[in-house]
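# what's the 3D shape of this:
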Amino acid sequence: MIHKNLPVHVGFIMDGNGRWAKKRGLPRKFGHREGGKAFKKCVDDCIELGLNHVTFYAFSTENQKRPKDEIEALLKLFDEYLDDIREMDDKNARLRFIGDLGFFPESTQKKMREAEEATAKNTGLTCTLALNYGGRNEILHAVGKIISEGKNVYSEEDFGGYLYTAGMPDVDLIIRTGGERRLSNFLIWQAAYAEYVYTDTLWPDFGKKELEKALKEFSERSRRFGGV
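Next up, the predicted model:
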């Protein structure tokens with residue numbers, strides 16, 4: 001299906017992994033593993049549908065409060081994904097990571113840097129993973145950088161250059177799975193004029209059909225950005 005008026009930048013809040021597992025009587029880590037498979041498939045669908053920028057909310061700063069074994073399972077999944085980075089390179093996709101990445105082991109940070117460098121010249125989809133990310137934390141981090149440099153920043157454009165997403169377009173559409181109706185501290189600066197689409201589908205079950213439905217809904221909305 002070819003859509004008109006595609007969003008330039010789509011953000012995904014991948015919610016529902018734990019509930020997906022619970023419904024099946026499985027530990028939460030199994031839900032995260034299935035969610036990882038859904039993520040890979042979603043990236044392929046985004047490429048096929050002609051999207052330019054996508055950002056996935058993979059691990060929030062608040063997720064640090066989760067049980068230790070669940071966090072360890074998530075870290076293992078991240079490492080496994082980074083080991084398969086060649087898949088992204090073969091698809092001409094660029095990979096980026098945003099957030100307070102110092103939370104992760106140095107070995108994982110090294111893999112992230114290598115993945116970004118390996119795909120930096122690719123010209124297809126730019127896929128960003130928000131890891132140990134929080135919108136408020138991002139803004140505070142930007143303010144800290146400005147203060148440390150002794151600069152005066154008076155425009156939104158200049159301030160945006162200090163955010164983790166510097167150089168990226170603002171998000172046009174945010175898709176949240178799992179039935180919740182909130183932003184959860186995701187891209188709160190960049191989503192000032194974003195459209196939102198919510199679905200009750202749990203993330204491991206989110207597929208191309210749901211993505212196309214969300215894109216169609218976006219294309220039919222009238223975006224006036226505060227104007228008449």
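
# distance of Asp15 from Ser60?
The gap separating Asp15 from Ser60 is 11 Å, by CB to CB, to the nearest Å. Bear in mind the C-beta positions are built from the backbone N, C-alpha and C, glycine included.

# for Leu173, same thing?
For Leu173, the distance to Ser60 equals 19 Å [CB to CB].

# more neighbours: which of those two?
Leu173 (24 against 21; other CB atoms under 10 Å).

# just give the nearest non-adjacent residue to the more buried one, would you?
Leaving aside its sequence neighbours, Leu173 sits nearest to Pro7 (CB to CB, 6 or more residues apart in numbering; 4.1 Å).

# how far away is that neighbour from Asn17?
Separation of Pro7 from Asn17 (CB to CB) stands at 24 Å.

# show me what the one residue sitting closest to the centre of the chain is bridged to.
Central residue of the chain (CA atoms, centre = their mean): Phe56, 1.7 Å from the mean position. Counting by DSSP bridges, Phe56 is bridged to Phe12, Leu129.

# mean confidence score for the biggest helix by length in the chain?
Counting residues, the longest helix found in the chain (DSSP state H) is helix 28-48. Averaged across helix 28-48, the pLDDT comes to 94.

# could you confirm Asn122 falls within a helix?
No. Counting by DSSP: H, G, I helix; E, B strand; the rest coil, Asn122 falls outside a helix, being coil.

# next, count neighbours for it.
Neighbour count of Asn122, defined by other CB under 10 Å: 17.

# now His32
The burial count for His32: 22, using other CB under 10 Å.

# wait, what's in contact with it?
Asn17, Gly18, Ala21, Glu70, Ala73, Leu74, Leu77 (CB atoms under 8 Å, 6 or more residues apart in numbering).

# the first one touches Asp205, doesn't it?
What it means is Asn17. No. The pair Asn17 / Asp205 is not scored as a contact, 10.5 Å apart, by CB atoms under 8 Å.

# would you mind measuring from Tyr154 to Ile146?
The spacing between Tyr154 and Ile146, counted by CB to CB, is 11 Å.

# who's more crowded, the two?
Ranked by neighbour count (other CB under 10 Å), Tyr154 and Ile146 place Ile146 first, with 16 against 8.

# any idea how far the lowest-mean-pLDDT helix or strand in the chain is from the chain center?
Ranked by mean pLDDT, DSSP states H and E, the helix or strand of the chain with the weakest confidence is helix 86-90, at a mean of 84. Offset of helix 86-90 from its chain centre (CA atoms, centre = their mean, to the nearest Å): 18 Å.

# same check, this time on stretch 71-81
The answer for stretch 71-81 is 16 Å, by CA atoms, centre = their mean.

# quick one: contacts of that stretch?
28-29, 32-33, 36, 40, 58-59, 63-64, 104-105, 107-108, 111, 131.

# quick check: of the residues you listed, which lies closest to Leu51?
Lys40 (15.2 Å; CB to CB).

# how many neighbours does that closest one have?
Using other CB under 10 Å as the criterion, Lys40 is surrounded by 13 other residues.

# all set now, cheers.
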